[in-house]
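Asker: Build me a model from this:
(2 chains)
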Amino acid sequence: MPDLAEIFRGEAGRCTATLIRVLGDIDLAEDAVAEAFAIAAEQWPTTGVPPNPGGWITTTARNHAIDRLRRESTRTDRHLAALRLETDDMQPDHDPELDALDGFVDVVPDDQLRLMFLCCHPALATDAQVALTLRLLGGLDTPEIARAFVVPAPTLAQRIVRAKRKLRDNHAPYRVPHAAELPERLHAVLATIYLIYTEGHTATTGDSLTRVDLSREAIRLARVLTELMPDEPEAVGLLALTLLSEARRPARTAPDGSMIRLADQDRTQWDRMLISEGHTLVRACLRRDQPGPFQIQAAIAAVHADATTAAATDWSQIVALYDQLYAMRPNAVIALNRAVAIGEMRGAAAGLDALDSLDVTLLQDYQPYHAARADLLARAGPRDAALAAYDRAIELTANPTERRFLDRQRKAAADRTKASAADEESTS
Amino acid sequence: MPQYLLSVWFDEPYDDDVDLSTPETQRQMAQTAELNAEMERAGAWVFVAGLRPASSATVVRAAGGDVSMTDGPYAETKEQMGGLWVIEAADLDAALDWAAKAATVCGRPIEVRPTHA
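Answerer: Got it, this is the predicted structure:
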């Protein structure tokens, strides 16, 4: 008997996406899919898993939803007319007549794509986009998502309810955006998936450095997206970026759970399968030559993955890629990463110069800025300034594992201060 | 067809009448007239109005059979509504497209809000 939870995770998004189109309502679709999975959990242990579990779930969910609508026929008109999401094709399913729903359930690959664009509609706030994506496409339940983001379950439940109501009240269309609006809308989808990945990669709070579930879910979503939109190089770039970052996961934490920096990681622990898949995707992007921010970040990750030791890293190539990225997205965070790369290529003093030339007003409360600055100062600056930068970085760190790491770095810098003070005394 | 309120927001104090004689407002009014015509041609236009300043507002309340009046506006915030459209659109995305045009014409933020169906 295969793991039902595993099947659920793999199929729930696709089934829900189709049922939303068929039923025209998110809540009805969710209830129907949940009911179908409950029936599966009851029957499959004795009957065995059907050859096409997703098709079975979708058809069962559809049939039960229609039965329920018939039973509660007074609610039917309300649901099917007032609460309907607008579909601009798929007319057969758009007919409010219940009998028209009796046709066979046509699973359209585009359904999942429609759902991605719906969940990431720019009219929704970012946290709502993320929550809705995980709930509807990822099949995660509300307490799971709440735990992952360390928010109280009722808060998250309300966030999801409000987002669904907003889409419904506003007659949000259930379709793949037209060509003219596609780049912007696609960016919202990519940004949401990447946010889910990074949240799983470095949890902002909580005691475990990596949350495998969110990272894995983000990679799965990126994979689905590239299958559905194979001609979108940025979607491929996002998948490559997440795979190449994920490859380093086994080396990111020490046995005691503490964080290990990229420079100090045991690179033999990196996942070669993921790196190889990521490299193949990056090469495909390079051949296509339509660079975008995710592809360039993936290329940077690929350069790191190429280096068998930290010292062997081709920093000049990384600086060049950051230059290209900054030209596309001139923001302070990219400038910060570029300065760090310059620090590696030409030495900590050059890195500090690059850092000091930035407009830091936006970086004052940005933990990585202070952590990077502390690291460069510890190597090439006044030590008091280094310690002060560590203090500020530690103050801004919510993740306990990362905080322990910075505490250790600060202590090392402080010890060096004492040692060099002692040196000075002995030489004077 | 769903209806939406597109409201135009002033985020500076809107206590005095807009000076209609400046080239800037003249241009905005001409462009707004063009947009209204475009909405009518598309069958989207229901209603449009520019509002007098917020300081001209009066608030009326009815409670327990008593009616009282006070000097407005109701919302004592810096941001005040300065005008509005009601449009019909097939869906949210179509409404947002009209809002984008309205925001360009007015040079001000537009809030899009659906009505009850």
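Asker: for chain B, which helix is longest?
Answerer: In terms of residue count, the longest helix belonging to chain B (DSSP state H) is helix B:23-42.
Asker: For chain A, tell me whether the helix or strand following it is touching it.
Answerer: Counting by DSSP states H and E, the next helix or strand C-terminal to helix B:23-42 is strand B:45-50. No - Strand B:45-50 stays clear of chain A (Cβ under 8 Å from any Cβ of the partner chain), getting no nearer than 15.5 Å. C-betas here are computed from N, CA, C, even on glycine.
Asker: helices and strands around strand B:45-50, which ones?
Answerer: On a contact count with 3 or more Cβ pairs under 8 Å, 6 or more residues apart in numbering or on different chains; DSSP states H and E, strand B:45-50 meets helix B:23-42, strand B:80-88.
Asker: Extract the CA atoms of that strand and return them as CSV.
Answerer: Output in CSV follows, covering the C-alpha atoms of strand B:45-50 (Å, rounded to 0.1, in the frame of the first residue of the first chain):
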residue,chain,number,x,y,z
TRP,B,45,-19.1,53.2,-18.4
VAL,B,46,-21.9,53.5,-15.8
PHE,B,47,-21.1,56.7,-13.9
VAL,B,48,-18.4,59.3,-13.3
ALA,B,49,-18.0,62.3,-11.0
GLY,B,50,-15.3,64.6,-9.7
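Asker: Run the angle between it and strand B:80-88 for me.
Answerer: Relative orientation of strand B:45-50 with respect to strand B:80-88: 170 degrees, computed using axes from the mean of the first three to the mean of the last three Cα atoms, to 10 degrees.
Asker: Model confidence for A:Asp88, exactly?
Answerer: Note for A:Asp88: predicted pLDDT of 43.
Asker: I meant to write B:Ala95 there.
Answerer: Turning to B:Ala95, the model gives it a pLDDT of 97.
Asker: ditto for A:Leu101
Answerer: For A:Leu101, the predicted pLDDT is 43.
Asker: and if you look at A:Thr417?
Answerer: So, for A:Thr417, pLDDT stands at 65.
Asker: picking that back up, now the helices and strands packed on strand B:45-50 in a markdown table, with distance to chain A and mean neighbour count?
Answerer: Shown next, in a markdown table, are the helices and strands packed on strand B:45-50 (distance: least, Cβ to the nearest Cβ, whole Å; neighbours: other Cβ atoms under 10 Å in any protein chain shown):
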| stretch | distance to chain A | mean neighbour count |
| --- | --- | --- |
| helix B:23-42 | 16 | 13 |
| strand B:80-88 | 11 | 20 |
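Asker: before we move on, the earlier item: rounded mean pLDDT for the longest helix of chain B, please.
Answerer: Mean per-residue pLDDT for helix B:23-42: 94.
Asker: angle of it against strand B:80-88?
Answerer: Angle of helix B:23-42 versus strand B:80-88, following the same axes, to 10 degrees, is 20 degrees.
Asker: Remind me what helix B:23-42 packs against, helices and strands.
Answerer: The contact analysis (3+ Cβ pairs under 8 Å, 6+ apart) places helix B:23-42 against strand B:45-50, helix B:92-106.
Asker: what's the angle between the last one and strand B:45-50?
Answerer: By that I understand helix B:92-106. If you take the same axes, to 10 degrees, helix B:92-106 sits at 30 degrees to strand B:45-50.
Asker: Centre of the chain to helix B:92-106, how far?
Answerer: Distance of helix B:92-106 from the chain centroid (Cα atoms, centre = their mean, to the nearest Å) equals 12 Å.
Asker: Determine the set of other helices and strands touching it.
Answerer: strand B:3-10, helix B:23-42, strand B:80-88, strand B:110-114.
Asker: if we go to 10 Å?
Answerer: In terms of contacts (3 or more Cβ pairs under 10 Å, 6 or more residues apart in numbering or on different chains; DSSP states H and E), helix B:92-106 is packed against helix A:153-169, strand B:3-10, helix B:23-42, strand B:45-50, strand B:80-88, strand B:110-114.
Asker: Any buried residues in that helix, and which?
Answerer: B:Leu92, B:Asp93, B:Ala94, B:Ala95, B:Leu96, B:Trp98, B:Ala99, B:Lys101, B:Ala102, B:Ala103, B:Val105, B:Cys106 (16 or more other Cβ atoms under 10 Å in any protein chain shown).
Asker: Extract the C-alpha set from that helix and format it as CSV.
Answerer: The C-alpha trace of helix B:92-106 is given here as CSV (Å, rounded to 0.1, in the frame of the first residue of the first chain):
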residue,chain,number,x,y,z
LEU,B,92,-11.3,41.8,-12.0
ASP,B,93,-8.5,41.9,-14.6
ALA,B,94,-10.7,43.9,-17.0
ALA,B,95,-11.6,46.3,-14.1
LEU,B,96,-7.9,46.6,-13.2
ASP,B,97,-7.1,47.5,-16.8
TRP,B,98,-9.5,50.4,-16.7
ALA,B,99,-8.1,51.4,-13.3
ALA,B,100,-4.6,51.5,-14.8
LYS,B,101,-5.9,53.9,-17.5
ALA,B,102,-7.7,56.0,-14.9
ALA,B,103,-4.6,56.2,-12.7
THR,B,104,-2.5,57.3,-15.6
VAL,B,105,-5.0,60.0,-16.6
CYS,B,106,-5.5,61.3,-13.0
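Asker: Under the pLDDT cut-off, which ranges of chain A? List them.
Answerer: A:1-2, A:73-108, A:202-212, A:417-428 (pLDDT under 70).
Asker: just so I have it, where are all the strands in it?
Answerer: Secondary structure of chain A (DSSP state E): no strands located.
Asker: Which one, of the helices and strands packed on strand B:45-50, ends up nearest to A:Asp375?
Answerer: Closest approach to A:Asp375 among these is made by strand B:80-88 (49.4 Å; Cβ to Cβ).
Asker: Report the inter-axis angle for the closest one versus strand B:110-114.
Answerer: Counting by the same axes, to 10 degrees, strand B:80-88 lies at 50 degrees to strand B:110-114.
Asker: State the mean pLDDT of strand B:80-88.
Answerer: Mean predicted confidence for strand B:80-88 is 95.
Asker: Show me what that strand pairs with in its sheet, parallel or antiparallel.
Answerer: Sheet pairing of strand B:80-88 (DSSP bridges) gives strand B:3-10 (antiparallel), strand B:45-50 (antiparallel).
Asker: about what we covered before: between the helices and strands packed on helix B:23-42, which gets nearest to A:Gln367?
Answerer: When the helices and strands packed on helix B:23-42 are compared by Cβ to Cβ, helix B:92-106 sits nearest A:Gln367, at 35.3 Å.
Asker: and residue 10, how many residues sit next to it?
Answerer: No chain specified, so I'll use chain A. A total of 13 residues lie near A:Gly10 under the criterion other Cβ atoms under 10 Å in any protein chain shown.
Asker: ah, no, chain B please
Answerer: B:Phe10, neighbours per other Cβ under 10 Å, totals 19.
Asker: Confirm for me that it is in contact with B:Val18.
Answerer: Yes - using Cβ atoms under 10 Å, B:Phe10 makes contact with B:Val18 at a distance of 8.9 Å.
Asker: Give me the common contacts of those two.
Answerer: Shared contacts of B:Phe10 and B:Val18, defined by Cβ atoms under 10 Å, 6 or more residues apart in numbering or on different chains, comprise B:Leu51, B:Pro53, B:Gly82, B:Gly83.
Asker: Who does the last one form a beta bridge with?
Answerer: Counting by DSSP bridges, B:Gly83 is bridged to B:Val8, B:Gly50.
Asker: Just give the closest residue to the residue nearest the centre of chain B, not the sequence neighbours.
Answerer: Using Cα atoms, centre = their mean, the residue of chain B that lies closest to the mean C-alpha position is B:Leu84, 2.0 Å off. Nearest residue to B:Leu84, sequence neighbours excluded (Cβ to Cβ, 6 or more residues apart in numbering or on different chains): B:Ser7, at 4.7 Å.
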